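J.: After the sequence you'll find the predicted model.
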Amino acid sequence: MKVFLVNPACLDQRIDDEDSSSVSMGLFYLGAFLKEKNINVRIVNLADGNAPASYFTDLLKKEKPDLVGVSVLNSTRFSAMEAVSQAKEIDPCVKTVFGGVGATFLVNHFFSACPFLDYIVKGEGELTFFELLEYIESGDACFPDHVKGLAFKRDGKICETKKRELIKDLDSLPKPGKYFDLQHLSLSRGCPGNCTFCGSPAFWGRANVRFHSHRWFVDHIELLIKRGFHHFYVSDDTFTMDKKRVSKVCDEIIARGLDITWVAISRVDFLDHEILFKMRMAGCTQISFGVESGSEQIRKILGKPVKKERIIKAFNMTVSHGILTRAYFIYGSPEESEETIAQTMELITSIKPLGALFYMLVLFPGTALYQRLIKRGEINDDIWNEKIEDIPWFQLDNDLDFEKIRDFGERLRNSFYSNLSEFADKIDLMDIKELYPCHADFLSRLAMTFSHGDYARNRDVKNSIATAEKLYNRALSYCHNARAYLGLGMLKQKKREFSKAVTILETGLQYFSEDKDLNICMAVCLMNLGRFKQALNYLEKFESHVDVEPYIKACRERGV
């Protein structure tokens, strides 16, 4: 049997969001599970905007899959329905399956809205999907009532089988990196939180948090390193919920000498100095926290009853270890007002995040807020027939409107970006010698965002170049760092102060003689000074690199 596992595209186009174009972790796990069963599986990413419009139909005609399974989010449901429609039009005998959080909470809606849909896999998908494949391959004329966690139509009526038990031993699952290229990792499934805007509690169950062993997790990292990856996104809802396990993960990464960087998500009440130290030494460069609001009352409404003091402490602890702090904020929540927005702006200046994302509160099926409105009869699932990705809360709140919410969002973003340089100036790092190389790495990374990254391009960020220069120099006060020398050299280069740039780069190359970027930057400075033959000395060691060829050619032509 040949199976397509499809990652559909979002309804609304994103300006710049890598997550929306990434294949979901669930599809990689499912694909690996099926491959272990010797099933012919292909993952098809329809969220990749580079593919032509006819890509999927051409692929269907060429490959002729027997089954098309689609991982559905609320935002991707129209692309998902279009995918199974195309599959059925090309081959009416192909079986079509939906799975994922979007399908799990909208079973009735999808069978009504999508006549080309045969089955829905509810919840955790590996075992249910495989048993469904076995049933289809058997040619059994009866309906698959024996397959737990499944929904289908029988004589025009929707049938749902018994609930599927969750997989107790996550290590029994194959490692996706054995078969696929990916950078997202997962140590656990589930979350102990009870956020009312999130579908995780209902999808997994709060009491059903399960973990991979630390060795399984690090073995998976090693597989992916062999595939050429050295930076990873740890996608757990709360990575640090089991601090002892995370500590073992970090110890294992360090013991194996794995040269990697990674980012994670945590809660402010699941951290301490010991775990932060180990995470940083093991390559963690950023932790994102769901702060949500500066209002304690709104945090309670959103299921995050955390005290302000605990939030501030977590941000201070994290950044003190040389880990970039990123905050998620939600605005336009129930009881949002001028006062609560002011409280959030005040909290921003207190926690001094070095990255921030601001989201308008929206509702999805499966979340506690959505279910409350369903029970009160204020909305129903028919709303998803409309071409919308979500339901903004303000549309259902008499005290809020679009203009007010837009103003709230603009003020919050300005509060962050206009103070960002000051936040960077006030970074307080722990004076622990073991962390000095990490501090230099952290400060130079942050500096690069101010000099050549997102913050350099953001007009609301004040004094970005001056901030970058301070950070580069501060990085070098801890130890020699190639990125810091490069950044300072490029800043001088940008000012056309090529001789000063050469002096800085010469120092850097004393310690990092084989660093490609430092060598190229040095060569470019020398070329601008007319010293082409000297520039060649820095370029020829990288002659086999395609991106260096134009510089070498220019030097040889002009250095005669």
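T.: Happy to help now that I have it. None of the values given here were measured: they were computed from a predicted structure. Residues are numbered from 1 along each chain as shown.

J.: can you map out the strands along the stretch 1-150 of the chain?
T.: 2-7, 40-45, 67-71, 95-99, 119-121, 150-154 (DSSP state E, counting those that start in this stretch).

J.: Dump these into a markdown table; add mean neighbour count, mean pLDDT and distance to residue 58 as well.
T.: All C-beta atoms are positioned from the backbone trio N, CA, C, and that covers glycine. A markdown table is the format used below for the strands of the stretch 1-150 of the chain (neighbours: other C-beta atoms under 10 Å; pLDDT from 0 to 100; distance: least, C-beta to C-beta, whole Å):
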| stretch | mean neighbour count | mean pLDDT | distance to residue 58 |
| --- | --- | --- | --- |
| strand 2-7 | 23 | 97 | 13 |
| strand 40-45 | 18 | 97 | 11 |
| strand 67-71 | 27 | 98 | 14 |
| strand 95-99 | 26 | 98 | 18 |
| strand 119-121 | 26 | 98 | 25 |
| strand 150-154 | 18 | 95 | 29 |
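
J.: Ok, which of those comes nearest residue 297?
T.: Relative to residue 297, the nearest member of the strands of the stretch 1-150 of the chain by C-beta to C-beta is strand 67-71, separated by 36.2 Å.

J.: what does the closest one contact?
T.: Here strand 67-71 makes contact (C-beta atoms under 8 Å, 6 or more residues apart in numbering) with 1-8, 24, 26-27, 30, 60, 80, 83-84, 87, 94-100, 121, 129, 133, 136.

J.: Then stretch 122-139?
T.: Residues contacting stretch 122-139 (C-beta under 8 Å, 6+ apart): 1, 3, 26, 29-30, 33-34, 37, 39, 66-67, 69, 95, 97, 99-100, 103-104, 107, 119, 121, 144, 146-151, 160, 163-164, 166-167, 173, 189, 203-204.

J.: Alpha carbons of that stretch, as CSV, please.
T.: Written as CSV, here are the backbone C-alpha positions of stretch 122-139 (Å, rounded to 0.1, in the frame of the first residue of the first chain):
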residue,chain,number,x,y,z
LYS,A,122,-9.1,11.1,16.7
GLY,A,123,-6.3,12.0,19.1
GLU,A,124,-3.0,10.2,19.1
GLY,A,125,-2.7,8.7,15.6
GLU,A,126,0.0,6.0,15.2
LEU,A,127,-1.9,2.9,16.3
THR,A,128,-5.3,4.0,15.0
PHE,A,129,-3.9,4.9,11.6
PHE,A,130,-2.0,1.6,11.3
GLU,A,131,-4.9,-0.5,12.3
LEU,A,132,-7.1,1.4,9.8
LEU,A,133,-4.5,0.5,7.1
GLU,A,134,-4.6,-3.1,8.1
TYR,A,135,-8.4,-3.1,7.8
ILE,A,136,-8.4,-1.4,4.4
GLU,A,137,-5.7,-3.9,3.1
SER,A,138,-7.7,-6.8,4.3
GLY,A,139,-10.7,-5.9,2.1
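
J.: mean confidence for it?
T.: Stretch 122-139 shows a mean pLDDT of 95.

J.: Could I get the full set of strands for the stretch 251-400 of the chain?
T.: Under DSSP E, counting those that start in this stretch, the stretch 251-400 of the chain gives strands at 261-266, 284-292, 324-331, 355-360, 362-363, 391-392.

J.: mind checking which of those is nearest residue 418?
T.: Minimum separation from residue 418 across these (C-beta to C-beta) falls at strand 355-360, 12.0 Å.

J.: hmm, back to that, just the buried ones among the contacts of stretch 122-139, please.
T.: 3, 26, 29-30, 33-34, 39, 66-67, 69, 95, 97, 99-100, 103-104, 107, 119, 121, 144, 147-151, 164, 166, 173, 189, 203-204 (16 or more other C-beta atoms under 10 Å).

J.: where's residue 47 relative to residue 120, distance?
T.: Residue 47 sits 21 Å away from residue 120, going by C-beta to C-beta, to the nearest Å.
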